[in-house]
Structures are given as C-alpha cells and as structure tokens.
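# Below are the sequence and a predicted model; questions follow.
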Amino acid sequence: MAVDDIRYRRLGYVALTVTDPARSMAFYRDVVGVEAWQGADGETAFLRCSDRHHDLVLSKGRDPALKRIGWEMESARALNAVREHMTSLGISWHPVSDAEAEMLGVSEAIRITEPTTGATFEFYTQMDKAPAPFQPTHTQIARLGHIVLSSPAKTETEQFLTDQLNFRISDHIGPVVTFMRCFPNPLHHSFGVGHGDAAQLGHINFMVTDIDDIGRANVRMKREGVQIVYGPGRHPTSNSIFFYFLDPDGITVEYSFGMEEFPEFDPRAPRQFPLVPESFDSWGGVPETTFSKVGSVERLEPARSKLSSG
Ligand SMILES: CC(C)c1ccc(C(=O)O)c(O)c1O
Ligand SMILES: [Fe+2]
C-alpha cells in the first residue's frame with residue numbers, strides 16, 4: 001500500500017483538556033450551541049453538532065490543552081495504509097483499547113504522535129451514530145470544521161502531513177500559516193498549521209450554515225460577557241465569514257460561514273497570499289492579543305509510544 005491509499009472521510013473529533021469540564025460543558029452547550037452530556041465515567045464530557053457519537057471530548061486537567069485529533073478514515077483499507085506506512089517509517093502506533101474505543105464509539109482506532117508537533121493523531125474507520133439527529137438550538141452548526149495548531153517546525157509539519165499522511169495544501173499566507181485538507185475531503189482545510197515558538201493549539205472551528213448565525217453570535221457573546229477576539233470578518237483564503245471568541249479556559253473558538261470546496265480531481269493549485277492583515281481579514285480587522293494564546297499540546301505517555309505490531 002502507498003501513501004495515496006491513506007484517504008480520509010473527515011476531521012472526526014477533537015479531544016481537549018479543560019480545567020473545569022462542567023463549566024466548559026455548559027459553555028459549549030448554552031453559548032456555542034452543541035449538545036453536551038457526561039460520559040459513563042463521570043469525568044469525560046461529550047459534545048456533538050452532528051449525527052455521530054461526538055465531535056468534541058472534554059477531559060479534566062490542570063491546564064487547558066489539545067489532547068488529540070481524531071481522523072475518520074474512508075475505509076479499513078485506508079486505516080491499514082496508515083498502519084503500514086507508519087511502520088515503514090519507524091513511527092510508533094498503538095491501538096486504542098477496546099474499552100476506550102467503546103467509550104468513544106469508534107471502531108478500529110490507532111494513535112500516533114505526530115513527530116513535528118508532538119500532537120496525538122487518532123485514525124479510525126467508523127464512529128457510532130448518535131441515537132437521534134442533532135437538534136441545533138440558537139445556532140445552525142453544520143459540523144466541526146477544522147483545527148489549527150502552531151508548530152516550531154512548520155515546514156516539517158507541512159511535509160509530514162502532505163508526504164506521509166496524504167493531506168493536500170490549499171493555501172499559504174506568507175511563511176506563517178498553511179491550510180490543508182484531509183484528502184479527498186473537499187473542505188478547503190480541516191487542518192491549519194501556523195509558525196510558532198512551540199507546538200500549541202491555535203483554535204477549533206465550527207462551521208455554521210447561516211450568515212445570521214454569525215450576526216447573532218456577535219450579539220450573544222457580548223450579552224454573555226464572552227471575549228470576542230477577532231471578527232466578524234472575511235478570510236480571503238477559504239472565502240469564509242468568521243467570528244472568534246474565547247471559551248472559559250481562554251481557548252480560541254471560531255464560527256465560520258461558507259468555505260471553498262475542492263474537487264478530488266484537477267483541483268486548483270495552492271495559492272500564496274502575502275503576509276499582510278488583509279490576507280487574514282479582507283475587511284481589515286486585526287485579532288486581539290488574546291487570540292490563539294491558550295492550549296498546550298499534550299503528549300501521549302511515554303509508555304504508549306512503543307512500536308506496536310497491532
Ligand atoms: C486567522 C487564522 C489563522 C485563519 C485564517 C484563514 C482561515 C480561512 O481561510 O478559513 C481560517 O479559518 C483561519 O482560522
Ligand atoms: Fe480557522
């Protein structure tokens with residue numbers, strides 16, 4: 001099998017560490033507009049904005065952090081291609097235990113440490129369906145859209161994701177940010193990588209289906225005393241209208257409306273945008289200093305990083 005056999009269905013889910021799961025659960029439910037419930041272990045909170053088991057998982061920790069990123073693969077063959085390719089590179093992978101996979105509602109899951117950021121990437125073939133369709137409340141959230149990390153070795157992160165994990169580059173802004181899609185998922189980006197002194201969480205994104213969701217969020221966040229850190233504005237890269245705010249731990253969350261989609265065959269070439277504020281916001285806005293400042297990248301325990309034969 002080759003790298004081309006590593007094919008994705010979508011960004012599956014993001015697991016975050018938060019300092020007060022009950023507070024975050026209430027925030028994501030009431031202010032962001034996702035469904036939230038507590039896991040059977042009484043410690044994990046699950047959030048969903050789709051018809052799948054979950055889109056976000058929150059666990060308690062001392063500091064806010066990115067715990068892992070889950071990627072839903074197109075098939076068992078695609079998952080096998082990850083396993084085989086990582087093994088050929090000498091990169092450790094390990095299966096998620098049956099008990100944890102059951103708790104997460106995923107089948108055939110494996111994890112690696114992405115070598116350039118230390119972030120945990122999980123790959124799985126399927127996630128259980130939720131017992132009922134997602135019922136949006138005040139905001140028509142369509143899906144978990146993307147995650148952006150900063151990397152101290154941005155070029156290497158880009159290379160690892162494209163050359164070894166079959167992501168495709170959609171656009172760059174100067175040398176500082178690159179947007180990538182998990183091929184052949186059509187969304188302009190499911191993953192972004194920015195240049196940083198250390199690996200860090202930049203933001204998580206929810207895609208909304210109505211421009212009014214952005215306008216209403218602007219009013220709601222102000223009313224609720226939520227810190228707005230960028231926007232509303234328009235990203236010329238994906239052509240989306242954006243709005244960023246902070247969750248109770250200071251993690252940056254984005255709503256965006258609209259996004260370019262790519263065909264699998266004959267996509268346009270990646271573009272290089274100049275490093276000017278208008279490449280981030282064509283309406284001329286600039287972010288607050290608190291934008292993308294919170295969220296370390298949690299590493300898997302050392303004991304879990306042994307090469308596994310599956
Ligand atoms: C300001 C950040 C890094 C950014 C820039 C552009 C897009 C986009 O094109 O959609 C984003 O989603 C971003 O988060
Ligand atoms: Fe974004």
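Looks like it came in fine. Ligands and ions are numbered 1, 2, ... in the order given.
# Residue numbers of this structure in contact with ligand 1?
148, 177, 179, 192, 205, 235, 237, 238, 240, 254, 256, 280 (C-beta under 6 Å from any ligand atom). Yep, even glycine has a C-beta here, placed from its N, CA and C like the rest.
# quick one: which of those sit in helices?
residue 280 (DSSP state H).
# Just the closest of the residues of the chain next to ligand 1 to residue 101, please.
residue 205 (25.8 Å; C-beta to C-beta).
# can you pull the contacts of the closest one?
144, 145, 146, 147, 148, 253, 254, 255, 256 (C-beta atoms under 8 Å, 6 or more residues apart in numbering).
# just checking, which of these belong to strands?
144, 145, 146, 147, 148, 253, 254, 255, 256 (DSSP state E).
# so the fourth one bridges to which residues?
Just to be clear, that refers to residue 147. Partner residues in beta bridges with residue 147, using DSSP bridges, are residue 191, residue 204.
# ok, the nearest residue to residue 243 once chain neighbours are set aside to residue 245 distance?
Excluding the flanking residues, the one nearest residue 243 by C-beta to C-beta, 6 or more residues apart in numbering is residue 231, at 4.3 Å. Relative to residue 245, residue 231 is positioned 9 Å away (C-beta to C-beta, to the nearest Å).
# Mind telling me what element the residue nearest to residue 243 is part of?
strand 228-235 (DSSP states H and E).
# pLDDT on that strand, on average?
Mean per-residue pLDDT for strand 228-235: 98.
# Where does the prediction get shaky in this structure?
301-310 (pLDDT under 70).
# Nearest to the middle of it, which residue? Look it up for me.
Residue closest to the mean C-alpha point of the chain, counted by C-alpha atoms, centre = their mean, is residue 147 at 2.9 Å.
# Return the residues in contact with it.
11, 14, 66, 69, 190, 191, 192, 201, 202, 203, 204, 205.
# any idea how far it is from ligand 2?
Counting by C-beta to the ion, to the nearest Å, the gap from residue 147 to ligand 2 is 8 Å.
# How about residue 157?
16 Å.
# residues from the protein in reach of ligand 2?
205, 254 (C-beta under 5 Å from the ion).
# how about the helices in the chain?
Under DSSP H, the chain gives helices at 21-27, 76-89, 98-104, 154-159, 211-224, 277-280.
# Kindly reformat those as a markdown table containing mean neighbour count.
Below are the helices of the chain laid out as a markdown table (neighbours: other C-beta atoms under 10 Å):
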| stretch | mean neighbour count |
| --- | --- |
| helix 21-27 | 18 |
| helix 76-89 | 18 |
| helix 98-104 | 14 |
| helix 154-159 | 17 |
| helix 211-224 | 16 |
| helix 277-280 | 17 |
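# Break this structure down into its domains, please.
3-134, 141-294 (automatic domain parsing).
# To residue 300, which of the ones you listed lies closest?
Checked against C-beta to C-beta, the stretch from the domains of the chain lying closest is domain 3-134, at 5.4 Å.
# End to end on that closest one, go ahead and measure it.
The first and final residues of domain 3-134 sit 34 Å from each other (C-alpha to C-alpha, to the nearest Å).
# Tell me which residue in the stretch 101-250 of the chain sits closest to ligand 2.
residue 205 (4.5 Å; C-beta to the ion).
# Now do the strands in the stretch 1-150 of the chain.
8-18, 35-38, 45-48, 56-60, 65-73, 93-95, 106-107, 110-113, 120-124, 126-127, 141-151 (DSSP state E, counting those that start in this stretch).
# would TSV of those strands with distance to residue 196 be doable?
Shown next, in TSV, are those (distance: least, C-beta to C-beta, whole Å):
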stretch	distance to residue 196
strand 8-18	18
strand 35-38	30
strand 45-48	26
strand 56-60	23
strand 65-73	13
strand 93-95	26
strand 106-107	29
strand 110-113	18
strand 120-124	18
strand 126-127	30
strand 141-151	3
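# Let me know which of those is the nearest to residue 1.
strand 65-73 (12.5 Å).
# ok, residue 202 - contacts?
Taking C-beta under 8 Å, 6+ apart, one finds 147, 148, 149, 150, 192, 194, 252, 292, 295 in contact with residue 202.
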